[in-house]
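Undergrad: I need the structure of the sequence given here:
(one chain, ligands or ions: 2)
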Amino acid sequence: MTLPIERAQTIAHVLIEALPYIQRFQGKTMVIKYGGNAMVDESLKQGFARDIVLMKLVGINPVIVHGGGPQIGSLLKRLGKASEFVQGMRVTDSETMDVVEMVLGGLVNKEIVNFINRHGGSAVGLTGKDGDLIHARKLLLHRGAPELKATEIVDIGHVGEVQSIDPSIIHMLVKSNFIPVIAPIGVGEDGRSYNINADLVAGKIAEVLGAEKLLLLTNIPGLLDAEGKLISELEVGRVQRLIEDGVISGGMLPKIRCALDAIQSGVKSAHIIDGRVEHAVMLDLFTDTGVGTLIRAR
Ligand SMILES: Nc1ncnc2c1ncn2[C@@H]1O[C@H](COP(=O)(O)OP(=O)(O)O)[C@@H](O)[C@H]1O
Ligand SMILES: CC(=O)N[C@@H](CCC(=O)OP(=O)(O)O)C(=O)O
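TA: Residues are numbered from 1 along each chain as shown. Ligands and ions are numbered 1, 2, ... in the order given. Below is the predicted model of the structure:
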């Protein structure tokens, strides 16, 4: 079957327009955080898988870190357990930790791996335990006002923060043309598992790999201001005020913090984008300003 000439010309134009971006990003690493809220339906998941396979095919190295908060929440609910969050972090007792490991390291991780492989890629799923990838320590959250020296430490159980990353396994996989798909579970010095917010893991992995971009796919068009309008480029100096005024809250807090840390540590830019938009990854990659909120070093 041959394509009508107009259709073939359109395809040729699109490919030519993508060429400078492909040339610019060839050989570069992009860390993509695929949030649980962005994994909403089959066609979006397939579109995501296709974007990742295409990226790899044109010589860009995608490294995926995924979440799965809503998926953990729904299994907990079926087990009769409520989800509780403090500053965007899930309170994680031992029973919840088992569920987190099952859902993130098992169901969600393997679903993403499977989708990518079904679309022609070669994905390999890992948790932070595999290849000793993510070393974690217990996260101590402070509640209160530090300027009043009135902070109180809140214990939220088996929740971790990244202590260090050993990227050897990622380098090995990327060199052999595999696409790493990483679940945000870390291991402590005592061998215990820690539940880590996926944004924080993605940020640290982007730092350690010296990634070109950190893409954070979520379920909102980007960072919104007090009026609900999209902030298309975030000035770093504005962040503290937005947090103090309560404009940035909940799950957006770790996202903004990790994006800022990443760009301060050498990642060229971080983008918060709407994973519910079809081919969000391609749209961001192959346009100058991208879609959603751009955060970049000055
Ligand atoms: N200023 C803000 N702009 C956009 N979203 C915000 C803001 N403050 C809080 N949020 C919340 O953060 C959520 C995204 O974080 P989260 O639910 O953890 O997403 P994900 O599962 O994709 O990591 C948004 O859906 C929104 O409810
Ligand atoms: C400590 C903590 O909150 N961990 C998260 C890990 C998953 C995650 O981050 O998923 P999303 O990116 O889909 O929100 C959780 O248990 O929900």
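Undergrad: What's the mean pLDDT across the strand or helix carrying residue 115?
TA: Assigned by DSSP states H and E, residue 115 belongs to helix 109-118. Taken as a whole, helix 109-118 has an average pLDDT of 98.
Undergrad: Run through the residues that contact residue 212.
TA: 25, 28-30, 267-269 (Cβ atoms under 8 Å, 6 or more residues apart in numbering). The way it works is simple: take the backbone N, C-alpha and C, and place the C-beta from them, glycine included.
Undergrad: where does it sit relative to ligand 1, distance-wise?
TA: Look at residue 212 and ligand 1: by Cβ to the nearest ligand atom, to the nearest Å, they are 21 Å apart.
Undergrad: next one: phi and psi at that residue?
TA: phi -70, psi -40 (degrees, to the nearest 10).
Undergrad: Report pLDDT for it.
TA: 95.
Undergrad: can you pull out the strands in the stretch 1-150 of the chain?
TA: Listed in chain order, the strands of the stretch 1-150 of the chain (DSSP state E, counting those that start in this stretch) span 29-34, 61-66, 85-86, 89-90, 123-127, 134-138, 141-143.
Undergrad: could you dump those to a markdown table with mean pLDDT and mean neighbour count?
TA: Formatted as a markdown table, the strands of the stretch 1-150 of the chain follow (pLDDT from 0 to 100; neighbours: other Cβ atoms under 10 Å):
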| stretch | mean pLDDT | mean neighbour count |
| --- | --- | --- |
| strand 29-34 | 97 | 27 |
| strand 61-66 | 98 | 25 |
| strand 85-86 | 90 | 13 |
| strand 89-90 | 94 | 22 |
| strand 123-127 | 98 | 21 |
| strand 134-138 | 97 | 20 |
| strand 141-143 | 80 | 13 |
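Undergrad: Can you add distance to residue 226 and give those strands back as a markdown table?
TA: Below are the strands of the stretch 1-150 of the chain laid out as a markdown table (distance: least, Cβ to Cβ, whole Å):
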| stretch | distance to residue 226 |
| --- | --- |
| strand 29-34 | 25 |
| strand 61-66 | 30 |
| strand 85-86 | 22 |
| strand 89-90 | 24 |
| strand 123-127 | 38 |
| strand 134-138 | 34 |
| strand 141-143 | 24 |
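Undergrad: Could you list the contact residues of the stretch 151-298 of the chain toward ligand 2?
TA: Within reach of ligand 2 by Cβ under 6 Å from any ligand atom, the stretch 151-298 of the chain has these residues: 159, 184, 195-198, 251.
Undergrad: closest to residue 291 among the residues you listed?
TA: residue 251 (19.2 Å; Cβ to Cβ).
Undergrad: distance of the closest residue to that closest one other than its chain neighbours from ligand 1?
TA: Distances taken as Cβ to Cβ, 6 or more residues apart in numbering place residue 88 nearest to residue 251, at 4.8 Å, with adjacent residues excluded. For residue 88, the distance to ligand 1 equals 6 Å [Cβ to the nearest ligand atom].
Undergrad: hang on, the earlier thing: quick one: is the helix holding residue 115 near ligand 2?
TA: No - judged by Cβ under 6 Å from any ligand atom, helix 109-118 makes no contact with ligand 2; its nearest approach is 11.4 Å.
Undergrad: which residues touch residue 26?
TA: Applying Cβ under 8 Å, 6+ apart, the residues near residue 26 are 58-60.
Undergrad: Repeat the analysis, applying 10 Å as the threshold.
TA: By Cβ atoms under 10 Å, 6 or more residues apart in numbering, the residues touching residue 26 are 58-61.
Undergrad: wait, doesn't residue 221 sit right on residue 290?
TA: No - when contacts are counted by Cβ atoms under 10 Å, residue 221 is not listed as touching residue 290 (11.9 Å).
Undergrad: Direction included, what does the lowest-mean-pLDDT helix or strand in the chain pair up with?
TA: Least confident element among the helices and strands of the chain, by mean pLDDT, DSSP states H and E: strand 141-143 (a mean of 80). As defined by DSSP bridges, the strand partners of strand 141-143 come to strand 152-154 (antiparallel).
Undergrad: After the strand it pairs with, heading C-terminal, what element do we hit next?
TA: strand 160-165.
Undergrad: Let me see the residues that make contact with the following helix or strand past that next one.
TA: Counting by DSSP H and E, the next helix or strand C-terminal to strand 160-165 is helix 168-175. The contact list for helix 168-175 (Cβ under 10 Å, 6+ apart) reads 29, 31, 56, 61-63, 122-124, 126, 130-133, 167, 178-182, 205, 208-209.
Undergrad: Enumerate the positions of helix 168-175 that are buried.
TA: Residues 169-170, 173-174 are the ones in helix 168-175 that count as buried (16 or more other Cβ atoms under 10 Å).
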